[in-house]
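S.K.: Fold the stuff below for me.
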Amino acid sequence: MNNTHDIVPTHLAVQAMRDNGYKNAAYAIAELMDNAIQAGASQVELLCGERKQQVEGRRRSRIEQIAVLDNGCGMDAKVLRLALQFGNGTYLDEDKHTGIGRFGMGLPSSSISQCQRVDVWSWQNGIENALHSYLDLNEIKNRQMTEVPEATMQPIPMIWRNIGQKFGESGTLVVWSKIDRCIWRTGKAIIDNSEFVIGRMYRKFLNNSQVKIRMVAFDLDALYDIIIEKYALPNDPGYLMEKTSCPKPFDHQAMFRPWEGDTSYEATYKINFKDKEHDVKVRFSYAKEEARQAEPGKNPGSLPHGQHAAKNVGVSVVRAGRELELDQNLVNNYDPTERWWGIEVEFSPSLDDIFGVTNNKQSARNFGEILQLDIESLLEAGKSVAQLKEELLQDEDPKLPLLELAHKISSQLSLIRRLIKAQTKGTRTTEKRYGHDPYKPEKVATTVTQERQSQGYKGQSDADEQLPKEERKQVIKETLKEEGVTEAQAELLAATTVDDGLKYTFAQAPIDTPEFFTVQSRGGAIIVTLNTNHPAYQNLVEILEEDVDKADIDTLRSRLVNSLDGLKLLLMAWARYEDELDGKRKENAIDTRIDWGRVARRFLENEL
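M.R.: I've put the predicted structure just below:
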């Protein structure tokens, strides 16, 4: 019996531990799978037994037992007993912090979060030599159980031997019963809701065939009546893997591509901790153009692959190959395009203290907190990274080593977001919905240009109009790609320009210069590219391109007023530019304004 003056009365502490922060049964089940993978299992099985019960006058299926079976190395009597102790285990020493396990809380803590009794069988020399021990909350509460029972040989119940598939020469079976805290009522519901999360957590192990995860729901009253059986597929939030749970057409091909900007999509950052240098790998990805091409009358985000991506938004934090969480701190929840980027941060267990890994392995608190700082805003407010470092250093903040890493991620994400926005610019889908010819401005400009050509005005682009069509298309396409337009859009714009006999190609792309737009003469066409990074674009173009069918009259009026204000500011910027000039440069600027106004008048005289 417990001493009445125990610092932590066992019967009370264990009850309190039931509220230990597991998000749901899927995350609790994952703790058992962690142990299995750490033990070298090649197959792990989630077995959910349900039985018909009388509920409110009707017979309904209800989950009664949940088991996790593996063919790992198994445990001897001593280790089995340790495994059922809270805070004990075989991976607690610092030199053993190399795999998924570490904290010695997984098996008992995850189990009591969902059920009142957990039984464990483990064997190392055939299942006929299986050892057994258990925890029972009722016995602990009534002070009948004050320590983990010694492991004794006990046969594995036939129910599990019949439904389990991989009973190897060694392995472990964990069985939950008296289930009272699982939010899902049936085995099928548990599997349906766990498959997505488990596939994401263990995607690396599944993708390289290190482990298979079998999931079965069955009727306890009809042993061989299997309700559902499936194998978990990798669920990659970066969408760079092939053969995943993503719906067609991206179930057998990657939906995203690696980011290949100024830095490699897999960047390695060095963090010094305890006089050692540790690597942290960061991978960036973004959606392929074909993933964002909408079907007629549909938005790509509403298609099955878009809905799949919407459930995988965030920074995937990976420890020892296993995902801890999908961190949401950098996500703009109001923006549906957030689903089209992926970031993965991977580190080893040796950095657990730096990242702030919780003992239920569901989050990296320090990393999440450093992302919450909104470093970009602090920098814009005048602080430097060095100043932020100094502040964290003065506070002896453990997050200090993560500051530069978080800054790099935030900066890179800003670039990726620009590219994602540029992917859908210039497709004219919004204009088409309202019955307006999306290429009418180009057609008007082409007609006026042809009139000017007949009057003797010549442009640098005119000579190339006689080149073969395919050659013109290729030149225009390559020029657009150089400007930052995506491959699919560049091909579409080049084909439309040449086949429809247009003189002008109008595109939109992020440009790393102060120009509002660029002008290039290529392939017999004049290519005008708006700089989506320029404030003039955001205040004159983007504000009017947003869907009007979702806006009320006040919103539309506000957009028009803001756009007019933007136009005024643009003209005043030119006025100030002239005002700051003198001598010949001022005369040239005035002449340019007059000449351009003359040409613009002719272009705009045609009714749009």
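
S.K.: How about the contacts made by residue 76?
M.R.: 124, 131 (Cβ atoms under 8 Å, 6 or more residues apart in numbering). Bear in mind the C-beta positions are built from the backbone N, C-alpha and C, glycine included.

S.K.: From residue 498, how far out is it?
M.R.: Residue 76 sits at a distance of 75 Å from residue 498 (criterion: Cβ to Cβ, to the nearest Å).

S.K.: Equivalent analysis for residue 75, please.
M.R.: 71 Å.

S.K.: Also residue 115?
M.R.: 68 Å.

S.K.: Please apply the same query to residue 459.
M.R.: The spacing between residue 459 and residue 498, counted by Cβ to Cβ, is 17 Å.

S.K.: And for residue 403?
M.R.: Distance from residue 403 to residue 498, by Cβ to Cβ: 51 Å.

S.K.: which one of these two has more residues nearby?
M.R.: residue 498 (25 against 19; other Cβ atoms under 10 Å).

S.K.: how distant is the helix or strand harbouring the more buried one from the center of its chain?
M.R.: Following DSSP states H and E, one finds residue 498 within helix 487-499. With Cα atoms, centre = their mean, to the nearest Å as the basis, helix 487-499 stands 31 Å off its chain's centre.

S.K.: For the remainder of this discussion, apply numbering that starts at 47.
M.R.: Okay, residue one is now 47; in that scheme the one you just asked about reads as helix 533-545.

S.K.: model confidence over it, on average?
M.R.: Averaged across helix 533-545, the pLDDT comes to 85.

S.K.: If you count neighbours, what's buried in it?
M.R.: Neighbour-count burial for helix 533-545 flags 535, 536, 537, 538, 539, 540, 542, 543, 544 (criterion: 16 or more other Cβ atoms under 10 Å).

S.K.: Taking the residues you listed together, which two end up most distant?
M.R.: Longest distance between any two of those is 15.1 Å, between 535 and 544; criterion Cβ to Cβ.

S.K.: now stretch 500-511, how far from the chain's geometric center?
M.R.: Going by Cα atoms, centre = their mean, where stretch 500-511 is centred and where its chain is centred differ by 50 Å.

S.K.: Would you confirm that residue 217 contacts residue 166?
M.R.: No: counting by Cβ atoms under 8 Å, residue 166 is not a contact partner of residue 217; they are 11.4 Å apart.

S.K.: Who has more neighbours out of the two?
M.R.: Neighbours were counted for residue 217 and for residue 166 using other Cβ under 10 Å; residue 217 has more, 29 against 25.

S.K.: Tell me who's in contact with the more buried one.
M.R.: By Cβ under 8 Å, 6+ apart, the residues touching residue 217 are 87, 115, 116, 117, 118, 120, 168, 169, 173.

S.K.: before we move on, what SS does the closest residue to the last one other than its chain neighbours have?
M.R.: Counting by Cβ to Cβ, 6 or more residues apart in numbering, residue 213 is the residue found nearest to residue 173 once chain neighbours are left out, at 5.2 Å. When the structure is split into helix, strand and coil by DSSP: H, G, I helix; E, B strand; the rest coil, residue 213 lands in coil.

S.K.: Check residue 121 too.
M.R.: Going by three-state DSSP: residue 121 is coil.

S.K.: Also residue 372?
M.R.: Secondary structure, three-state DSSP: residue 372 is strand.

S.K.: how about the strands in the stretch 347-496 of the chain?
M.R.: Per DSSP state E, counting those that start in this stretch, the stretch 347-496 of the chain carries strands over the ranges 361-365, 368-373, 387-393.

S.K.: Can you tell me the number of residues neighbouring residue 610?
M.R.: Counted with other Cβ under 10 Å, residue 610 comes out at 12.

S.K.: Need phi/psi at residue 233.
M.R.: With angles defined as degrees, to the nearest 10, residue 233 sits at phi -60, psi -40.

S.K.: repeat for residue 267
M.R.: Main-chain dihedrals, residue 267, degrees, to the nearest 10: phi -80, psi -20.

S.K.: Tell me how many other residues surround the nearest residue to it once chain neighbours are set aside.
M.R.: Of all residues not flanking residue 267 in the chain, residue 97 sits nearest, at 5.7 Å (Cβ to Cβ, 6+ apart). Other residues near residue 97 come to 16 when the count uses other Cβ under 10 Å.

S.K.: Next, the contact list for residue 97, please.
M.R.: When contacts are counted by Cβ under 8 Å, 6+ apart, residue 97 touches 107, 108, 110, 265, 266, 267.

S.K.: need the contact list for the third one.
M.R.: What that stands for is residue 110. Residues near residue 110 by Cβ under 8 Å, 6+ apart: 95, 96, 97, 223, 225, 266.

S.K.: does the residue nearest to it when sequence neighbours are not counted have beta-bridge partners, and which?
M.R.: In space, and not counting its chain neighbours, residue 110 is closest to residue 97: 4.9 Å by Cβ to Cβ, 6+ apart. Residues in a beta bridge with residue 97, per DSSP bridges, are residue 108.

S.K.: okay, residue 97: pLDDT?
M.R.: We have a pLDDT of 91 for residue 97.

S.K.: Distance check, it against residue 233.
M.R.: Residue 97 is 10 Å from residue 233, by Cβ to Cβ.

S.K.: try residue 369
M.R.: In terms of Cβ to Cβ, residue 369 sits 24 Å off from residue 233.

S.K.: what's the answer for residue 614, then?
M.R.: Counting by Cβ to Cβ, the gap from residue 614 to residue 233 is 65 Å.

S.K.: next one: residue 382
M.R.: Distance from residue 382 to residue 233, counting by Cβ to Cβ: 34 Å.

S.K.: and residue 222, what is it in contact with?
M.R.: Residue 222 touches 111, 112, 113, 157, 160, 161, 163, 164, counting by Cβ under 8 Å, 6+ apart.

S.K.: Just list whatever residues bridge to residue 550.
M.R.: Beta-bridge partners, per DSSP bridges, of residue 550: residue 572.

S.K.: For the stretch 197-346 of the chain, just list every one of the strands.
M.R.: 198-199, 217-225, 258-265, 268-277, 302-304, 312-319, 322-333.

S.K.: The stretch 547-654 of the chain now?
M.R.: Going by DSSP E, counting those that start in this stretch, the stretch 547-654 of the chain shows strands at 550-555, 563-568, 571-577.

S.K.: got the CA positions of the longest one in PDB?
M.R.: Extracted C-alpha coordinates of strand 571-577, given in PDB (Å, rounded to 0.1, in the frame of the first residue of the first chain):
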ATOM      1  CA  ALA A 571       5.800  40.400 -80.700                       C
ATOM      2  CA  ILE A 572       6.100  43.100 -78.000                       C
ATOM      3  CA  ILE A 573       6.200  41.400 -74.600                       C
ATOM      4  CA  VAL A 574       4.900  43.500 -71.700                       C
ATOM      5  CA  THR A 575       5.500  41.900 -68.300                       C
ATOM      6  CA  LEU A 576       4.000  43.500 -65.200                       C
ATOM      7  CA  ASN A 577       6.100  43.200 -62.100                       C
END
